[in-house]
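Undergrad: Need the 3D shape of this:
(2 chains)
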Amino acid sequence: MSVAKRIIPCLDVDQGRVVKGVNFLDIRDAGDPIEVAKRYDHEGADEITMLDITASHETRETTYKTVESIASQVFIPLTVGGGVRKLDDIKKLLRSGADKVSINTSAVENPDFIKEAADKFGSQCIVVAVDAKATSNSWEVVTYGGRNRTGLDALEWTQQVTEFGAGEILLTSMDRDGTKEGFDNKLVSRVSSGISIPVIASGGVGNLDHLVDGIKIGGAEAVLAASIFHYSEYSIREAKEAMRDAGINVRF
Amino acid sequence: MTRVVVIDYGMGNLHSVSKALEAVSTSEEIVISSDHKIIKSADKIVLPGVGGIKDCMEAFSLDLKERVIEELENKPTLAICVGMQMLLKFSEENGGVEGLNILNGSITKINSSHDVKVPHMGWNKVKRLGDHFLLRDIPDESSFYFVHSYCCLKSEDAITETTHGNKFISALAKDNIFAVQFHPEKSQNSGLQLYKNFLDWSI
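TA: Next up, the predicted model:
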């Protein structure tokens, strides 16, 4: 036996409220990130990722408060991303109770930021989020939700950020995100086999087989999904059972 | 009232640790501090630690280090992650760093391969090699959350082991000290039970 494969539900939070509609019948306030995080914790989520989609300076304090409330009630790892640009942003998130911080655009715009962050806080808490779009023969890193092309090759970029000290890669296929067609497992597999650090597959999950495929075909260490869990199409428990039945080592 | 001091030397996941202790505490006072007087007044000590071991040892300033070593002689102590690693003799991380040599063993890099990713990040099973009060009411082979790139492969003080590629020592115990490579504060019910056991532990 080795380390278990992880299932990570992702909450998109805008000004302290969960967006993309969460549809749990049995929680009081489905827009409250703390309630939703507690629910996922009880269902057996291995970690929780919270993406602050506003991340403007005015709402930063709300974010820290939300992180603090989640961290004081939910005793599983919490990753927070969105608008992380300075070392001080990371420090404040970690102090508020985040265990890992996810860096996306600012890593592309200033790769040294990854080095500085990993040196100061340790690789274990630095997740680099990579959004990738297929090209004719590889994948290109994109930013700003896919609107901005960077010219960086996703395979080379993930190797570079690994050297710079990233502890983990959150890899999202922008071709699959929101489609419910499953992960781009070719992308996941190529990235994962090229680096020594764990890869979290993201983007495109529509059913439980997709989660299984991300691990078995893509070779991901962890799978991240939002909508299939939010809308109660499947519970985390059901997802874990499906993975276990497919022969994957998961934690119950 | 029992006072538990979480040592603050600028490098720990202090708040996660103290929140978890608070969640299971009945009457204990949980304090985060680097103040000598407060550390001296502690009934129990928690030594956390994340990041690189060199930074941790350096952040652990000389006078604070001496004071803490003194307290570790007889107070019930829980050391976590890099806090655990610092109690061993030596770590090969950061070009080689001397530890406090309170527990037996040394720290080496985890070998990565296609199937064995480093950092070892996630939930893994903790298998007992011996019995200890801090493992009370935690079933053998329960899962705990790990995140580390270096580990202790062999120790006379080993109390549990875990497999990630190779087997390594996931917890050590000696006299008044219990030290874990994993993060109980991130390990849900099993981790909270371990903290509860630590609060209930008397030696």
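Undergrad: Show me what from chain B comes close to chain A.
TA: Within chain B, the positions near chain A by C-beta under 8 Å from any C-beta of the partner chain are B:13, B:15-16, B:19-20, B:23, B:50-52, B:55, B:112, B:114-125, B:143, B:145-149, B:163-165, B:183, B:185-188, B:191-192. (Glycine included, C-beta is placed from N, CA and C.)
Undergrad: Restrict stretch A:222-236 to CA atoms and write it as CSV.
TA: Written as CSV, here are the backbone C-alpha positions of stretch A:222-236 (Å, rounded to 0.1, in the frame of the first residue of the first chain):
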residue,chain,number,x,y,z
ALA,A,222,-5.7,13.4,-7.0
VAL,A,223,-8.9,14.4,-8.8
LEU,A,224,-10.7,17.7,-8.3
ALA,A,225,-14.3,18.3,-9.2
ALA,A,226,-16.9,21.0,-8.4
SER,A,227,-20.3,20.7,-10.0
ILE,A,228,-20.9,16.9,-9.7
PHE,A,229,-20.6,17.3,-5.9
HIS,A,230,-22.2,20.7,-5.6
TYR,A,231,-25.4,19.6,-7.3
SER,A,232,-25.5,16.4,-5.3
GLU,A,233,-25.4,14.3,-8.4
TYR,A,234,-22.9,12.2,-6.5
SER,A,235,-21.6,12.2,-3.0
ILE,A,236,-17.9,12.0,-2.1
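Undergrad: Need the contact partners of that stretch.
TA: The contact list for stretch A:222-236 (C-beta atoms under 8 Å, 6 or more residues apart in numbering or on different chains) reads A:5-12, A:18, A:20-25, A:36, A:40, A:43-47, A:49, A:170, A:180, A:183, A:198-202, A:205-208, A:211, A:214-215, A:239, B:122.
Undergrad: And the strands in chain B?
TA: Applying DSSP state E to chain B gives strands spanning B:3-7, B:29-33, B:44-47, B:77-80, B:90-91, B:97-98, B:106-109, B:120-128, B:142-148, B:150-152, B:158-164, B:166-174, B:177-180.
Undergrad: ok, A:Lys157 touching A:Val141?
TA: Actually, residue A:157 is Trp rather than Lys. Yes - in this structure, A:Trp157 is within contact of A:Val141 by C-beta atoms under 8 Å, at 5.1 Å.
Undergrad: Need the residues touching each of the two.
TA: Contacts common to A:Trp157 and A:Val141, judged by C-beta under 8 Å, 6+ apart, are A:108, A:130.
Undergrad: still on that earlier bit, the strands of chain B: lowest mean pLDDT?
TA: Of all the strands of chain B, the minimum mean pLDDT falls on strand B:97-98 (a mean of 91).
Undergrad: Sheet partners, orientation included, of it?
TA: Sheet pairing for strand B:97-98, assigned by DSSP bridges, gives strand B:90-91 (antiparallel).
Undergrad: Excluding chain neighbours, what is closest to residue 174?
TA: Using chain A here. A:Gly146 (4.2 Å; C-beta to C-beta, 6 or more residues apart in numbering or on different chains).
Undergrad: actually chain B
TA: B:Asp157 (4.5 Å).
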